[in-house]
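J.: got a predicted structure here, sequence first:
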Amino acid sequence: MTERYEYVAHRLLRRRVRDVASGVEGELMAVINENVSDSAREHWMELAYIRGACGREFSTAVDNIEPAR
């Protein structure tokens, strides 16, 4: 069995970021290259995990994050 994820280095880790899709700001906790396949064909995607002000983390596509102002 192969791993279904791997951590990716990112210049904004542990910094305040904004998810442009939702407008929510928080701290970038991790960027993970995840196998999001739902069938036998593999599909990998880089997801950013952001911890919002309430303490809950959510994920978004890594291309959706930008530094918070």
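T.: Right, received. Where do you want to start?
J.: for the chain, which segments are assigned as strands?
T.: 5-7, 16-19, 25-35, 44-52, 57-61, 65-67 (DSSP state E).
J.: is the closest residue to R69 other than its chain neighbours in a bridge, and if so with what?
T.: Of all residues not flanking R69 in the chain, R18 sits nearest, at 7.7 Å (C-beta to C-beta, 6 or more residues apart in numbering). For glycine as for every other residue, the C-beta is placed from the backbone atoms N, C-alpha and C. Taking DSSP bridges as the rule, R18 bridges to E25, E66.
J.: who are the contact partners of the residue most central in space within the chain?
T.: By C-alpha atoms, centre = their mean, the mean C-alpha position of the chain lies nearest to A48, the distance being 0.9 Å. A48 sits next to H10, V17, D19, L28, A30, V31, S59, T60, A61, V62, N64, I65 when contact means C-beta atoms under 8 Å, 6 or more residues apart in numbering.
J.: now the buried members of those.
T.: Taking 16 or more other C-beta atoms under 10 Å as the criterion, what is buried in the contacts of A48 is H10, V17, D19, L28, A30, V31, S59, T60, V62, N64, I65.
J.: just checking, the second one touches N64?
T.: No. Counting by C-beta atoms under 8 Å, V17 does not reach N64; the two are 9.4 Å apart.
J.: per-residue confidence for Y5?
T.: For Y5, the pLDDT comes out at 87.
J.: quick one, what contacts the residue nearest to R69?
T.: Contacts of R18 (C-beta under 8 Å, 6+ apart): V24, E25, I65, E66, P67, A68, R69.
J.: how does it look with 10 Å?
T.: V24, E25, G26, I50, N64, I65, E66, P67, A68, R69 (C-beta atoms under 10 Å, 6 or more residues apart in numbering).
J.: with P67 instead?
T.: So, once contact is read as C-beta under 10 Å, 6+ apart, P67 ends up touching R11, L12, R15, R16, V17, R18, L28.
J.: Y5 contacts S37, correct?
T.: No. Counting by C-beta atoms under 10 Å, Y5 stays clear of S37, with 11.8 Å between them.
J.: what is in contact with these two at once?
T.: With C-beta under 10 Å, 6+ apart as the test, Y5 and S37 both reach W44.
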